[in-house]
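Enquirer: Predicted model and sequence follow; I will ask about them next.
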Amino acid sequence: MPVKGAHVLLEAFAGLAPELRARARLEVHGPPSHDAAYAARLAELARASDTRLFGPASRAEVPALLRGLDLLVVPSLWYENRPLVILEAQAARTPLVVSDLGGMAELVRDGESGYRVPAGDVEALRALLARLVAAPAELDALYAAPPHVPTLDEHTDAVLAVYRELRDAR
């Protein structure tokens, strides 16, 4: 669906200099759009950049798929809460590029587990992709310290602390 921003990623990748695009491969995974016009637009953008469009991956395929990636881009245009794919990528230590909205921005710290770009900004995403394709060793520096994935108890305590703070402020 358009709010997931696949078109932003495809446009950014298609605009890379040919010599950079030749050094990278873009694969887009996910269910086909229920919007025929949008699906056609994605197919056209994919053809223009030699990108492969895949259908959805099964739950069992996701860990291996993530471990096999050099970079996962989540270019969503809406305020995602806490996307499971980001948590799964962090568990697999897969570098990320995410839109700087909502839970995506809260989960990814620039230079630690990935990078944030302004949502919908094709040029900013293109510039970051160009930099990373030109200097892929930069990705190797990510995850120098493993990300902290809270336990259920830690998460519950953090949520309760927020509610207490809000209650006490009233």
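Expert: Ah, there it is. Predicted model only: the values in this text are computed from it and were never measured.
Enquirer: Residue nearest the middle of this protein, spatially speaking?
Expert: Nearest residue to the geometric centre of the chain (C-alpha atoms, centre = their mean): residue 74, 2.3 Å.
Enquirer: mind checking how far the strand or helix carrying residue 128 is from the chain centre?
Expert: Assigned by DSSP states H and E, residue 128 belongs to helix 122-134. On the basis of C-alpha atoms, centre = their mean, to the nearest Å, helix 122-134 sits 14 Å off its chain's mean C-alpha point.
Enquirer: Could you do stretch 96-115 as well?
Expert: How far stretch 96-115 lies from its chain's middle: 8 Å, per C-alpha atoms, centre = their mean.
Enquirer: can you check stretch 106-120 too?
Expert: The answer for stretch 106-120 is 9 Å, by C-alpha atoms, centre = their mean.
Enquirer: Quick check: mean pLDDT of that stretch?
Expert: Averaged across stretch 106-120, the pLDDT comes to 93.
Enquirer: Can you point out the buried residues in it?
Expert: By 16 or more other C-beta atoms under 10 Å, the buried positions in stretch 106-120 come out as 107-108, 112-117, 119. Backbone N, C-alpha and C define where each C-beta goes, glycine included.
Enquirer: Could you name the helices and strands sitting against the next helix or strand after the helix holding residue 128?
Expert: Note on helix 122-134: by DSSP H and E, the next helix or strand toward the C-terminus is helix 137-140. When contacts are defined as 3 or more C-beta pairs under 8 Å, 6 or more residues apart in numbering; DSSP states H and E, helix 137-140 sits against helix 122-134.
Enquirer: Other residues contacting the helix it packs on?
Expert: Contacts to helix 122-134, defined as C-beta atoms under 8 Å, 6 or more residues apart in numbering, come from residues 8-9, 11-13, 15-17, 20-21, 23-24, 71, 73, 75, 97, 115, 117-118, 138-139.
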